[in-house]
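Q: Fold the following.
(2 chains)
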Amino acid sequence: MEPPPAAPAYTAFQRVSRWSRWSDERLTRLGRLSLVLFIGACIFTTDPSRTSANALVAILSAIFLIAFLASVHWRPRLRVHRELPVHASVGIPFAYRLHISNDGTSTEADLEVHDRLVRRFPSHAECAALRPFVIAGDNWFDRRVGFRTWVRIVRLVRGGEIDPLLVPPIPRTGTTTVDLSFVPLRRGSVNFSSVEFARPDPFGLLNALRRISATQSLTVVPRQHPMPQLNIPDLGGQIPVLRQISGAAAGSQEFHALREYRVGDPLRHVHWRVSAKRGIPVVKQFVDGHHRTFTLILDAYALALPFELLIEAAASVITATNQQQARELNLIVVEPAFEPRAMLSAAGSARHLLERLAHLAPSTTDVFPAASARIMLERQAALVFLTTHWDPSREQFASQIAACSSAALTLIVAEPEARDVRLPTVCWLDPADLSSALAQVRFAQSNFHRARAHG
Amino acid sequence: MAELRIPHGWSAATFCFWGAATGHWFAAAIAAILVEISGLIGWRWELSARHFERLADLTSLGFAGLSVYQFSEHGLFGIYAILGAFPLCLIPLLIAQCFSTQGRIPLSAFIMAARRAGRSPRAPVDLRPTCGTTCLLAAATGTLPAPWYGLGVALTLAALLLANRVHRYAFPYFGLLLCLASMLALINYRGLISAQYQLSDLMQALITEIGWQPANPDSSFTAIGMLGRLKLSDRIVLRVETPRNLPLPLRLTEARYQRYQFGVWRNKSKSLTTLDPITSSTRWVLDSTTGLQRKLIITAERRQELGTLSLPTGATLLAGKELIEVQRHSLGAIVAEARPGFLRYTVDYLSSPKITGSPLPEDLDIPDEYRPTLQQMVAEFGANGQPAAIAVKRLEQFFTANFRYSLVQPGFYPSRMPLLTFLRETRHGHCEYFASATTLLLRTLGVPARYVVGFMVDEYSPLEDAFVARARHAHAWSEAYIDGEWRVVDTTPSLWLDEEAARASDWHQLADLWSWLRWQVEQLRRAEFETSPWLLASLPPLIVWLIWRLRGLSRRAPGSSALTSAALPLELKRLFEHLAKQGLRPARGDTTLKFLLNHWPVIETQRLRHVVALHYQSRFGSSELSASSSEELDAEVSALLSEQWDKHPKGARPNQGE
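A: Numbers count the residues shown, from 1 in each chain, chains lettered A, B, ... in the order given. Prediction:
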């Protein structure tokens, strides 16, 4: 990969980006065309004996001045309310609503709404770190100068780009609702800063702007790749102690929690009273009387790019897990701040785990050999171990989890190493084609004591 | 963002406007018709992105070829020709867009990276607005007068703004704003022109003060086309020492040129021949013709190592200790290599020189755009079919009778060819106009002619104790090949030297002092005269004494002068003898006009100027005074002398300069 451009280039890129942003905000399409024409005329008017371009300069400057004066005074009284979903997923477009209220005394028309995310330029160090995440340009200019790469990094840091939208006329004291769509580019928090309204001047060259502060935050969970559903095996009578404590008969189902209705849920499980109260259909969730736990152990020691792939794999596994079967979904992250306590499960635990994954950062220190010894591996229904490294300590851990769980899986996001992998529960996920690799992963169903993984 | 709306007929209108301005009628008509027809007929081509990419590559090659051709023909000024023809490169793409099924051009046609990626990153583009605005800008390089151009642009832009106006605003309000914008545009235009004048003056002053260089033997940038007043520097650029009385003015030649384009004279041939010095010396033989010779010692100040030398016509021998290498251009310019700084050289020249060399085909070269007007002018002064000598005489009379010298040019050039405006309309200009027009008119008459630049040495400086040539003494004239020899044809009104002198800066004496001091220091450095610490110590009182001396110069009685009544024609001799009776004689360095103006009543200034003009024409012009002019001169002198001196007390005459 080409080395990143020197720091002064990024200063220049910032200036270009600021100018580009200003022209996007303040100039209409016609305005941009006129500005280019004006600049061209200014260049050629340096020698008035050769061209009449000074006439063009005079006319365009007059038009721009009138347009500016006509657009200066605009004070609409608008309010906005944004309806965001609970969370979004990387790469998946989602739609949300923006309610715009006009508290003024006249109808506001010809408005264009820009929903703005928090703008922040990455530092030079951040750019160097994020370069692997953007597709490099395929011509020498992009490789040597790297402005397109810079633009992609800025979008990545921001979280995405929301296209502007024309707003229907808003009558006075009225409200209009518009639907905006957004494709998140990265996981984590995407912060909305303001809503900007633009109204063109009578000549249609310049926009009068009105910015309304509307801060809001949205959690973007990691990208999830399609995987076969991971069925958590029933421990059955294997845990007599637990059965005795719970008093449940083998094979019986007991009420666990309420959750939102999903397509396919049997209607007999709908809790009608709660549904009427909440206004949305809610079903009862039953789990097997026996203890079905699903634990995901994530080794956070990784470089930036492989770590993102690891997170995607973890999110995919969580989503693919048959949540109707799992009573507990646990996530253990092995990082320097590791505490040997699992995340407790709750209703909608998959969502909470995904949100936890959304904010995870990679660890630069390998604490796994020491930390893994402190993980108490109780008899579990299913254990999945994700890592980007493979060494004796991790290999030993993989065999431990294979011994103490009904269904064990070790997923390594790395190039397969040319050595014998003695454990059948180990599966290599090729970083170059993570999606295809995940599509072939599954727990073994037939063998209770051993999971056969296909990698 | 809202799509740009292009009104019907707008593209055709811009093409027609561009065609009318630049002369590309045929292409403009074809484009206008095809673009508008495409909206009326439903027939379309199935064009893929690949077709557009190939078409874009083809037009890019065409643009590259156009650029190479225009730059090679016109040098840096080819950029204007390229701009004027640029819409030609866009027409094929626009027509393809209009007749394609997509109705737009994919961005991959313009961005190579998008082609490799196999997709365009953004929506396809509509080339119509870009083409239209390019036509508006290209039309600026055409020949439309500025008011018509402005009107066309205003109407075109108004149509576009109207089509894209925001309907929230009522039409009367929009119309009112358009009117306001139009009025403001007129004010802007006047202000812009004024600002450009000021800037042009400033740049000229800076260039002549700081960036003066000897002539380039390959090209000469004229001030033809510069607006406003031509400001020339008073800076001394040459010092000419001569031991004997020098017939004034002395013409020093720097370079000759053959081709004219866009206000620049050029030479196609750039060949320089190295001259060998005389063995073991720093002397070069320039011409082996023998005859009565004179000698000049010239000192020039140069900033570069290589530059032309100013030499009198008929130079035979060149000598200079600082000269490293001497080369001769094919048209006679002498280019010398020497250390930057003051360059002192001696030149021997024939007192009756002849300009050698045979004419070349380029000496009859006329730019095509000037040909019709020049032929019309030649017919006007009736020189067609006449022998060369008579034709030249008619030409000189034509200029004398109908043109005048001026350093000021009008605000715009309707035809974008200022030389034609000079010939047809204004009929006043400075020497470059006269010389360029004369050269082209001579060529139209079939007389080989060249444009020559150099200096006219006419001023004596008591401080320098030498004749000086200032930057404003730079001159241009023509040389015509008549009856087997090259002759000087100078149609610039002979009063130009006095006109230039009249505009000398009030600070030029101080600048001259500074220049003199620098030259003295240089001579000290060269140890050309005996140095002693006492000399350096005596500098401060010397400076004081010099300032006192300069102030006293204007009040001192004139000493011996190069002007002797013996050298004057009879008419002026009478004037001089009249003044001699009063005890008034011309001082050393006094020109005829200066002496007469200083000692004749103020009220007669205009008549004196007229008399001296006729005298100069008789003495320095290439043709004798006509009979009527001679009679007029005689009558004027008699009238002046018949005025009684007592009627007009002398009083304190202001220094009118020259």
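Q: could you show me where the strands are in the stretch 101-250 of chain B, in order?
A: Secondary structure of the stretch 101-250 of chain B, counting by DSSP state E, counting those that start in this stretch: strands at B:219-221, B:228-229, B:236-241, B:250-257.
Q: how about TSV for the ones you listed, with mean pLDDT added?
A: As requested, these are exported to TSV (pLDDT from 0 to 100):
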stretch	mean pLDDT
strand B:219-221	69
strand B:228-229	56
strand B:236-241	89
strand B:250-257	90
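Q: Nearest approach to chain A belongs to which of these?
A: Among the strands of the stretch 101-250 of chain B, strand B:228-229 comes nearest to chain A, with 10.2 Å by C-beta to the nearest C-beta. C-beta here means a position set from N, CA and C on the backbone, and glycine is covered the same way.
Q: Check which element follows the strand or helix carrying A:Q285 along the chain.
A: Using DSSP states H and E, A:Q285 sits within strand A:282-288. Downstream of strand A:282-288, the first helix or strand assigned by DSSP H and E is strand A:293-299.
Q: Distance from the chain centre to that next one, please.
A: Distance of strand A:293-299 from the chain centroid (C-alpha atoms, centre = their mean, to the nearest Å) equals 21 Å.
Q: and that strand, which strands flank it?
A: strand A:328-334 (parallel), strand A:380-387 (parallel) (DSSP bridges).
Q: Can you give the contact residues for the following helix or strand past that strand?
A: Beyond strand A:293-299 in the direction of the C-terminus, DSSP H and E gives the next helix or strand as helix A:304-320. Residues external to helix A:304-320 that are found in contact with it (C-beta atoms under 8 Å, 6 or more residues apart in numbering or on different chains): A:129-130, A:132-133, A:187, A:221-230, A:296, A:298-300, A:302, A:329, A:331, A:350, A:353-354, A:357, A:360, A:362, A:384, A:386-388, A:411, A:413-414, A:429, A:431, A:434, A:438, A:441.
Q: what angle sits between helix A:304-320 and strand A:328-334?
A: 170 degrees (axes from the mean of the first three to the mean of the last three C-alpha atoms, to 10 degrees).
Q: Could you list the buried residues of helix A:304-320?
A: A:305-320 (16 or more other C-beta atoms under 10 Å in any protein chain shown).
Q: just to revisit the earlier point, winner for burial among the strands of the stretch 101-250 of chain B?
A: Each of the strands of the stretch 101-250 of chain B was scored by mean neighbour count; the highest is strand B:250-257, a mean of 24, by mean count of other C-beta atoms under 10 Å in any protein chain shown.
Q: counting contacts, what elements does it pack onto?
A: strand B:219-221, strand B:236-241, strand B:311-312, strand B:449-457, strand B:474-482 (3 or more C-beta pairs under 8 Å, 6 or more residues apart in numbering or on different chains; DSSP states H and E).
Q: Which residue, other than its chain neighbours, is closest to residue 63?
A: By default, I'm working from chain A. Distance criterion C-beta to C-beta, 6 or more residues apart in numbering or on different chains; nearest residue to A:I63, sequence neighbours excluded, is B:A181 at 5.0 Å.
Q: Chain B is the one I meant
A: B:C89 (4.4 Å).
Q: And B:L407, how far from B:E459?
A: Separation of B:L407 from B:E459 (C-beta to C-beta, to the nearest Å) stands at 18 Å.
Q: do the same with B:R128
A: Distance from B:R128 to B:E459, by C-beta to C-beta: 63 Å.
Q: ok, these two, which is more surrounded?
A: B:E459 (23 against 17; other C-beta atoms under 10 Å in any protein chain shown).
Q: can I assume that one is in contact with B:D498?
A: No. Counting by C-beta atoms under 8 Å, B:E459 does not reach B:D498; the two are 10.9 Å apart.
Q: anything in contact with each of the two?
A: With C-beta under 8 Å, 6+ apart, B:E459 and B:D498 have common neighbours B:T591.
Q: Could you chop chain A up by domain?
A: A:7-221, A:236-251+A:292-439, A:253-288 (automatic domain parsing).
Q: number of nearby residues for residue 390?
A: Here I'm looking at chain A. 18.
Q: hm, I was asking about chain B
A: Neighbour count for B:I390, taken as other C-beta under 10 Å: 12.
Q: Could you pull up phi and psi at whatever residue of the stretch 351-455 of chain A ends up closest to chain B?
A: Nearest residue of the stretch 351-455 of chain A to chain B: A:A432, at 19.1 Å (C-beta to the nearest C-beta). Reported as degrees, to the nearest 10, the phi and psi values for A:A432 are phi -70, psi -20.
Q: Likewise for the one 4 residues further on?
A: Taking degrees, to the nearest 10, you get phi -70, psi -40 for the backbone angles of A:S436.
Q: likewise B:V68?
A: For B:V68, the backbone dihedrals (degrees, to the nearest 10) come out as phi -60, psi -40.
Q: What does the pLDDT read for it?
A: Looking at B:V68, its pLDDT reads 89.
Q: And for the nearest residue to A:A315 once chain neighbours are set aside, the neighbour number?
A: Sequence neighbours aside, A:P222 is the residue nearest to A:A315 in space, at 4.0 Å (criterion: C-beta to C-beta, 6+ apart). For A:P222, the count of nearby residues is 27 (other C-beta under 10 Å).
Q: cool, and the one 4 residues further on?
A: Neighbours of A:P226 under the rule other C-beta under 10 Å: 10.
Q: ok, now the one 4 residues further on?
A: Applying other C-beta under 10 Å, we find 23 other residues in the vicinity of A:L230.
Q: didn't it look like it was pressed against A:A382?
A: Yes. With contact defined as C-beta under 8 Å, A:L230 reaches A:A382; the gap is 7.2 Å.
Q: Please report phi then psi for A:R351.
A: Dihedral angles (degrees, to the nearest 10) for A:R351: phi -60, psi -40.
Q: just to revisit the earlier point, in three-state terms, label the residue nearest to B:F63 for me.
A: helix (DSSP: H, G, I helix; E, B strand; the rest coil).
Q: For the stretch 51-200 of chain A, which segments count as strands?
A: Under DSSP E, counting those that start in this stretch, the stretch 51-200 of chain A gives strands at A:78-83, A:87-89, A:94-102, A:111-117, A:165-167, A:175-182, A:188-200.
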